[in-house]
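> quick check, what structure comes out for this input:
(4 chains)
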2 protein chains.
Amino acid sequence: MLMPTTVSAITSQSTRVACASCALQTHCFTQRLDTEVLDVIEKSISTRRVARGTYAYRLCEPFNALYFIHQGFFKNVVLNEDGQEFITGFPMPGDVLGLDGCADGYYRSQSIALQDSTLCEISFETLNDLSFNYPPMQQILHRIMSREISRNQKSMLMLGNLPAEERLLAFLQELSQQFAMRGMSTNDFDLPMSRDDIAGYLGLKMETVSRAFTKLHTVGLIHVHRRRVRIDAVSTA
Amino acid sequence: MLMPTTVSAITSQSTRVACASCALQTHCFTQRLDTEVLDVIEKSISTRRVARGTYAYRLCEPFNALYFIHQGFFKNVVLNEDGQEFITGFPMPGDVLGLDGCADGYYRSQSIALQDSTLCEISFETLNDLSFNYPPMQQILHRIMSREISRNQKSMLMLGNLPAEERLLAFLQELSQQFAMRGMSTNDFDLPMSRDDIAGYLGLKMETVSRAFTKLHTVGLIHVHRRRVRIDAVSTA
DNA sequence: CGCGAAGTTGATTACTATCAATCTGAGTGG
DNA sequence: CCACTCAGATTGATAGTAATCAACTTCGCG
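Take a look at the predicted model:
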């Protein structure tokens, strides 16, 4: 029987386990987790609510857990010396937060909730135990991290080569694909992030993003009103 | 006794082991590897030469090993649908090649030698065995991958925000730092890559890179002649 | 010496950032 | 219910930066 995924229900054990296993399987759909492993996860996982505008984790905080997103959207931010912020991604349900903290034991970026959200927290210690007792788990973790690496590389490609309008369209199509993987509406959706956030992600300025939206709308590739977007273009990817 | 690291010497076991352990320790300098682990590595590692201009691994090839660079420089390339290439990094001795292949079992990028180079190859199978029998190993791998993630994020920040000249200077300083970590000359060195490669990495065109070099030279921040570079600027990072 | 690849320089065009004004819609309180 | 407010978004004019196209230079090499 499916549990409703309302906020009040997320504290129940079954949903908590469902969240973590679902998250892991989102990334590694070729594998199914043993019930034995699910038991371990069940004992060690904890949920956490993150209000809109607050942090899942902050820069320089000690790293001691990974977070699987249950509900809501986030933005990952890195800061340069001047305090100027640059957005490296918009993780969504099923994604993992905090992978970059693994390297040196503290976070090199921070993650902010774009909506009221809920996370499933698995301590790094638990993950190590899991990997030790259940070898496939380490492969799963490697895959998750590897996927993050190739996703970032793809973003870099987009940033470096495409003009503003194509860059925005590519972004919208990428978003649409991610929605599709999660069974959400793919061609007609609300953007969870502001124009400024999109600009920060695409390496553009807010005004340029706004103009690009208008242009794509005008030529008929998309329909857009504020944060509501409908994609009419056929994906070229 | 130190073995000379000439090309003719790399086939000896001791040097081969030294290469892998050194590479691992470059990434995880807080940890020292057990002699027991070194034995396992010694048995399973193999060396491979890669001539200038040839591939360490190619796009879409099946993933079955990681490569530690022993000698030489490489460029990592991702291609978009149009076949346009974009360079995501310039790995050097001690760095690991092929991390992105882990996700789906085949490479999503390719790596080309900029000089005649030598690699140490460890099969993924061996790595899994190692992780299983020697738990700290998996933490080491996580760190290596995590480091790759945060390095890519840093690159994205640079790409998105800085004007051409600052971008080039930041690139040179990053390169200098990496040389420093390897005990190589930090302020006076030969670039292993062409102007076009730098342009591909920085998201610029070759001509723009060339102009930026000239400008930095003119204002006295660096001295440059062809691929020879001397950095006179004090790093701001 | 001549050739070709890599690099430099110049003139022009195209694009994005910047600065500034305006618009829109959600939330607030009278 | 309506005016008020304010953050987010849009639009316009202009300046600044990088891309493009093209000519030329430098250097290594047979």
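> show me where pLDDT drops low in chain A?
A:1-34, A:38, A:235-237 (pLDDT under 70).
> how about the residues of it by DNA strand C?
A:163, A:164, A:165, A:167, A:203, A:204, A:205, A:207, A:208, A:225, A:226 (Cβ under 7 Å from any atom of the strand). For every residue, glycine as well, the C-beta is placed using N, CA and C.
> rebuild these as a markdown table, extending it with neighbour count and secondary structure.
Below are the residues of chain A next to DNA strand C laid out as a markdown table (neighbours: other Cβ atoms under 10 Å in any protein chain shown; DSSP: H, G, I helix; E, B strand; the rest coil):
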| residue | neighbour count | secondary structure |
| --- | --- | --- |
| A:163 | 8 | coil |
| A:164 | 17 | helix |
| A:165 | 18 | helix |
| A:167 | 22 | helix |
| A:203 | 22 | coil |
| A:204 | 20 | coil |
| A:205 | 14 | coil |
| A:207 | 10 | helix |
| A:208 | 17 | helix |
| A:225 | 9 | strand |
| A:226 | 9 | coil |
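> what subset of these is also close to DNA strand D?
A:207, A:226.
> can you classify the spatially most central residue of chain A as helix, strand or coil?
Chain A has residue A:91 as the residue nearest its centroid, 1.3 Å off, counting by Cα atoms, centre = their mean. Here residue A:91 takes the coil state, with states given by DSSP: H, G, I helix; E, B strand; the rest coil.
> tell me the domain boundaries of chain A?
Using automatic domain parsing, the domain parsing of chain A gives A:7-150, A:162-231.
> still on that earlier bit, closest one of the residues of chain A next to DNA strand C to residue B:152?
Nearest to residue B:152, judged by Cβ to Cβ, of the residues of chain A next to DNA strand C is residue A:203 at 14.2 Å.
> for the closest one, what are its contacts?
Applying Cβ atoms under 8 Å, 6 or more residues apart in numbering or on different chains to residue A:203 gives the contacts A:86, A:159, B:156, B:159, B:160, B:161.
> change it to 6 Å
Counting by Cβ atoms under 6 Å, 6 or more residues apart in numbering or on different chains, residue A:203 makes contact with A:159, B:160.
> which element is residue A:156 on?
In this structure, residue A:156 is located in helix A:136-161 according to DSSP states H and E.
> which stretches in chain A count as helices?
A:13-27, A:35-44, A:124-133, A:136-161, A:164-181, A:195-202, A:206-218 (DSSP state H).
> circling back to that earlier point, next, the residue nearest to the centre of chain A: phi, psi?
Main-chain torsions, residue A:91, degrees, to the nearest 10: phi -60, psi 150.
> out of everything not next to it in sequence, what's closest to it?
Nearest non-adjacent residue to residue A:91, counting by Cβ to Cβ, 6 or more residues apart in numbering or on different chains: residue A:74, 4.9 Å away.
> cool, residue A:51 as well?
That would be residue A:116: by Cβ to Cβ, 6+ apart, it lies 5.4 Å from residue A:51.
> how many neighbours does that neighbour have?
The local packing of residue A:116 (other Cβ atoms under 10 Å in any protein chain shown) involves 14 other residues.
> then residue A:174?
17.
> residue A:192 now?
Residues lying near residue A:192 (other Cβ under 10 Å) number 17.
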